[in-house]
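**Q** predicted structure and sequence below. I'll ask about it afterward.
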Amino acid sequence: MPPVRVRIAPSPTGDPHVGTAWIALFNYVFAKQSGGKFVLRIEDTDQNRARADSEQMIFDALHWLGLSWDEGPDVGGPHAPYRQSERAKIYQDHAAKLLANGGGYRCFCTTERLAKMKVQQELDKKTGYDRLCRRIPAAEADARAANGESFVVRLAVPLEGTVTWKDELRDGEQSRDVRDIDDQVLLKSDGLPTYHLANVIDDHLMEISHVIRAEEWMSSTPKHVLTYRAFGWTPPKFFHMPLLRNADKDKTKISKRKNPVSIFYYRDSGYLPQALLNFLATMGWSFGNDRELFSLTEMIEVFSWDRVSLGGPVFDLAKLAHFNEQYVHKLSDDELADELIGWRLNRDYFKQLVPLVRNRMKKLDDVIPLTEFFFSGDLDLTPVADQFKVEGASNIDLKKAILAFVEAFETRDGWTKEMLEDVGAKWLDAQKWTLKQGYPLLRLATTGRKASPPLWETMVVLGKEITRRRLRRAADWIGARK
RNA sequence: GGCCCCAUAGUCUAGCGGUUAGGACGUCGGCCUCUCACGCCGAAAACAAGGGUUCAAUUCCCUUUGGGGUCACCA
């Protein structure tokens, strides 16, 4: 048996996701239990979506949870670099091998042609690349590439036969008719690999023994298996965990439109990392003996794959709150005091608040009522219910307007006063509202009050996650009222 | 829509042929109590449907239904 080596491979495209934490937990636990290694690899091959501060946020979030990695971009390791953007040469060399052995081929199709093809396929009810470039003789393709023509490298999927593999969490063998598999793009025209190529190469080179990932990857597994074969490699073992899902009627995979998904939301609204981890562990896995409160260490002791259940668990905030309550109560007074200080009752946080409220204070004790909403999570909006109104706008209009503001800042980088100010101004224009009509709505939703420190500064201090959550919650609440 | 995965209360789950179908969250009652919370006690609440297999199916098989994923030069 080769040593156990597992990994998580998040892409730095935004706030660290609870789904990442959840998958990380199972990888971590399995690695620790088997005396293996847990690797963190950053999948940043999408230049359009990668965000600079995002990688550090992943580190911070995982550290906060106490899930540490043995190898990674920050700690190094025998298979460095662990950042895919720094491994471009490796992928290109490997793509060249595929070109040489017929496992892959160059495709010169333009995005326009591909788009046209897709439109036609809609009518014909077909999918996948039509393999036009697969018929180009290798010598001609080489010449065109040498000539500077832009191309991608595609996987040459066998024309007939069946691919089979084992999913360790499911009975029997998985198999797929190759005719249902697309000639996946492996190397993009910018010379960087797609997920599929980078993933296979890295997992192989980094000697990953068990790929533990979410079910959304299950349908691309045959492509991966084929890619391993094209290189002449043996695929690792695959474990596809179910997907975390939204609550209510909408049981789609968990998303920020429906649920707070940033790990930082949970940290900032006062959840303890051990409680979050414990809660996450009970999603799709059970400890046994009707026990559901346990530590990471205890989980590592008893963990086994046969206690994984495959139904997609709904992420239930009420139950998370219960777990957290249990953990809070377990702390001694000293420990709880320290937790509170570490959370927001500390100098750093107060230093952000003081400039916002100092002119509104007469005595020191005014600080508490003035800043209360900086310390609370979800707000009770009923006391200000009748304040949520704009002349001529229905409840649905108000809901849409608030959501429009959220969508607008969602597309922007950073979280600064300037950005919010800009988004706000454009939003007012779009709503055709005056300042006095529009902004009170946002203020009410984010602070639960008619009066507060300046809106943008308040949002900045509150943080993006809590702001988003409050706005969305307010929008839903308004939209649902009579 | 094609392909694939999944299916025990509203939610998370136990169960791996014979159980009064267990636990937890939430909900509702009650006790405790100066209030509230905690805590304690109790209640309502589930095997999606139809066929098989079997002496016996929640459990095994098939079909249907339902839910989900995926069909990008995003991961």
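**A** Happy to help now that I have it. Numbering: from 1, shown residues only, chains lettered A, B, ... in the order given.

**Q** now the helix or strand bottoming out on mean pLDDT in chain A - C-alpha only, PDB.
**A** Here the helix or strand of chain A ranked lowest by mean pLDDT, DSSP states H and E is helix A:111-124, holding a mean of 87. Extracted C-alpha coordinates of helix A:111-124, given in PDB (Å, rounded to 0.1, in the frame of the first residue of the first chain):
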ATOM      1  CA  THR A 111     -14.700  30.700 -30.000                       C
ATOM      2  CA  GLU A 112     -17.000  32.000 -32.700                       C
ATOM      3  CA  ARG A 113     -17.100  28.700 -34.500                       C
ATOM      4  CA  LEU A 114     -17.600  26.900 -31.200                       C
ATOM      5  CA  ALA A 115     -20.500  29.200 -30.400                       C
ATOM      6  CA  LYS A 116     -22.000  28.500 -33.700                       C
ATOM      7  CA  MET A 117     -21.600  24.800 -33.300                       C
ATOM      8  CA  LYS A 118     -23.300  25.000 -30.000                       C
ATOM      9  CA  VAL A 119     -26.300  26.800 -31.400                       C
ATOM     10  CA  GLN A 120     -26.700  24.100 -34.100                       C
ATOM     11  CA  GLN A 121     -26.300  21.400 -31.500                       C
ATOM     12  CA  GLU A 122     -29.100  22.800 -29.400                       C
ATOM     13  CA  LEU A 123     -31.300  22.100 -32.400                       C
ATOM     14  CA  ASP A 124     -29.900  18.700 -33.000                       C
END
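
**Q** chain center to that helix: distance?
**A** 30 Å (Cα atoms, centre = their mean, to the nearest Å).

**Q** what's the first helix or strand after that helix?
**A** helix A:138-146 (DSSP states H and E).

**Q** just checking, next helix/strand downstream of that following helix?
**A** strand A:152-155.

**Q** now for that next one, which elements pack on it?
**A** Applying 3 or more Cβ pairs under 8 Å, 6 or more residues apart in numbering; DSSP states H and E, we find strand A:152-155 packed against helix A:88-101, strand A:104-107, strand A:185-187, helix A:221-231. All C-beta spots, glycine's among them, are computed from the backbone N, C-alpha and C.

**Q** so which of those is the most packed in?
**A** strand A:185-187 (a mean of 24; mean count of other Cβ atoms under 10 Å).

**Q** report the mean confidence score over that strand.
**A** The average pLDDT within strand A:185-187 is 97.

**Q** do stretch A:260-271 as well
**A** Rounded mean pLDDT across stretch A:260-271 is 95.

**Q** so it, near RNA strand B or not?
**A** No. Counting by Cβ under 7 Å from any atom of the strand, RNA strand B is not contacted by stretch A:260-271; separation bottoms out at 13.2 Å.

**Q** convert the C-alpha atoms of that stretch to PDB, please.
**A** Presented in PDB, the C-alpha positions along stretch A:260-271 are these (Å, rounded to 0.1, in the frame of the first residue of the first chain):
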ATOM      1  CA  PRO A 260     -23.900  32.400   4.100                       C
ATOM      2  CA  VAL A 261     -21.100  30.400   2.600                       C
ATOM      3  CA  SER A 262     -18.000  32.200   3.600                       C
ATOM      4  CA  ILE A 263     -16.100  30.700   6.400                       C
ATOM      5  CA  PHE A 264     -15.500  34.200   7.600                       C
ATOM      6  CA  TYR A 265     -19.200  34.800   8.000                       C
ATOM      7  CA  TYR A 266     -19.300  32.100  10.600                       C
ATOM      8  CA  ARG A 267     -16.100  33.300  12.300                       C
ATOM      9  CA  ASP A 268     -17.400  36.900  12.400                       C
ATOM     10  CA  SER A 269     -20.900  36.200  13.500                       C
ATOM     11  CA  GLY A 270     -19.600  34.400  16.600                       C
ATOM     12  CA  TYR A 271     -19.300  30.700  15.900                       C
END
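
**Q** how distant is that stretch from the center of its chain?
**A** 13 Å.

**Q** count the residues that sit near residue A:450.
**A** Applying other Cβ atoms under 10 Å, we find 10 residues neighbouring residue A:450.

**Q** is it in contact with residue A:439, as I believe?
**A** No. Using Cβ atoms under 8 Å, residue A:450 makes no contact with residue A:439, being 11.1 Å away.

**Q** can you list contacts of stretch A:275-286?
**A** Residues outside stretch A:275-286 that contact it (Cβ atoms under 8 Å, 6 or more residues apart in numbering): A:18, A:21-22, A:25-26, A:29, A:65-67, A:241-242, A:244, A:263, A:266, A:287, A:292-296, A:299, A:303, A:307-311, A:313, A:315, A:319-320, A:323-324, A:326-328.

**Q** for ChimeraX, write the selection for the buried entries among those residues.
**A** Typed into ChimeraX, the next command selects the buried ones out of the contacts of stretch A:275-286 (criterion: 16 or more other Cβ atoms under 10 Å):
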select /A:18,21,22,25,26,29,65,67,241,242,244,263,266,287,292,294,296,299,303,308,313,315,320,323,324,327,328
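
**Q** list the buried residues for the least confident helix or strand of chain A?
**A** Neighbour-count burial for helix A:111-124, counted by 16+ other Cβ under 10 Å, picks out residue A:117.

**Q** ok, that helix near RNA strand B or not?
**A** Yes. Against RNA strand B, helix A:111-124 shows contacts by Cβ under 7 Å from any atom of the strand at A:111, A:114, A:118.

**Q** now, which of the residues you listed sits nearest residue A:55?
**A** If you rank those by distance to residue A:55 using Cβ to Cβ, residue A:111 comes first, at 28.9 Å.

**Q** spit out the contact partners of that closest one.
**A** Residue A:111 makes no contacts at all, as judged by Cβ under 8 Å, 6+ apart.

**Q** in stretch A:23-43, what's buried?
**A** For stretch A:23-43, the neighbour count (16+ other Cβ under 10 Å) marks A:23-32, A:34, A:36-43 as buried.

**Q** among the residues you listed, which are in reach of RNA strand B?
**A** Counting by Cβ under 7 Å from any atom of the strand, residue A:43 from the buried residues of stretch A:23-43 sit close to RNA strand B.

**Q** which ones among the buried residues of stretch A:23-43 lie within strands?
**A** Taking DSSP state E as the definition of strands, the buried residues of stretch A:23-43 contribute A:37, A:38, A:39, A:40.

**Q** do you know how far the third one is from residue A:439?
**A** According to Cβ to Cβ, to the nearest Å, residue A:39 stands 47 Å off from residue A:439.

**Q** and the gap between residue A:148 and residue A:108?
**A** Distance from residue A:148 to residue A:108, by Cβ to Cβ: 11 Å.

**Q** which of these two has more neighbours?
**A** residue A:108 (16 against 6).

**Q** so who does that one touch?
**A** Taking Cβ under 8 Å, 6+ apart, we find residue A:108 in contact with A:133, A:136, A:141, A:144, A:149, A:150, A:151.

**Q** show me which residues of the stretch 151-300 of chain A sit near RNA strand B.
**A** Neighbours of RNA strand B within the stretch 151-300 of chain A, by Cβ under 7 Å from any atom of the strand: A:152, A:170-171, A:174, A:176, A:180, A:182, A:185, A:188-190, A:192-195, A:215-220, A:242-243, A:245, A:247, A:250-253, A:282-284, A:286, A:288, A:290, A:292.

**Q** which among those residues end up buried?
**A** So, of these, A:152, A:174, A:176, A:185, A:188, A:192-195, A:217-218, A:220, A:242-243, A:245, A:282-284, A:292 end up buried under the neighbour-count rule (16+ other Cβ under 10 Å).
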